[in-house]
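A.B. asks: Have a look at this prediction, sequence included:
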Amino acid sequence: MLFLQIILTIILVIMILRLLAGYLFRRFFRKLQSNFDASQTPPPGQKTMGKMVKCDYCDVYLPIEEAISKGQHYYCSTAHLQHHDKQ
Ligand SMILES: [Zn+2]
């Protein structure tokens, strides 16, 4: 019966190792995927060259994402937006 016990123990150990290997593989794959996702998106702070627009008040050019828009008009600051509204 000792032989059977050894066989059962070996099978048990193999099953535990397989579960552990599966867990480690999934963890590794997830980490790899998250690293891949991070490399796909540009890091924050790095500006993409977007469309440039002109301030309707002072004619300064600035990126569209930094401009204040009102209808078809763009402004470099709220002060210039208000100046233009008064006219
Ligand atoms: Zn301006």
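C.D. replies: Nice, I can see it.
A.B. asks: these two touch, right, His83 and Tyr57?
C.D. replies: Yes - using CB atoms under 8 Å, His83 makes contact with Tyr57 at a distance of 5.5 Å. Every residue, glycine included, has its C-beta placed from N, CA and C.
A.B. asks: More neighbours: which of those two?
C.D. replies: Neighbour totals were compared for His83 and Tyr57, and Tyr57 leads with 19 against 14 (other CB atoms under 10 Å).
A.B. asks: Pull out the buried residues from stretch 9-17.
C.D. replies: Judged by neighbour count (16 or more other CB atoms under 10 Å), stretch 9-17 contains no buried residues.
A.B. asks: Centre of the chain to that stretch, how far?
C.D. replies: Chain-centre distance of stretch 9-17: 41 Å, with CA atoms, centre = their mean, to the nearest Å.
A.B. asks: Mark out where each domain of the protein begins and ends.
C.D. replies: What automatic domain parsing lists as the domains of the chain is 1-40, 52-86.
A.B. asks: ranking those by burial, who's on top?
C.D. replies: Sort those by mean neighbour count, taking mean count of other CB atoms under 10 Å, and domain 52-86 sits at the top with a mean of 14.
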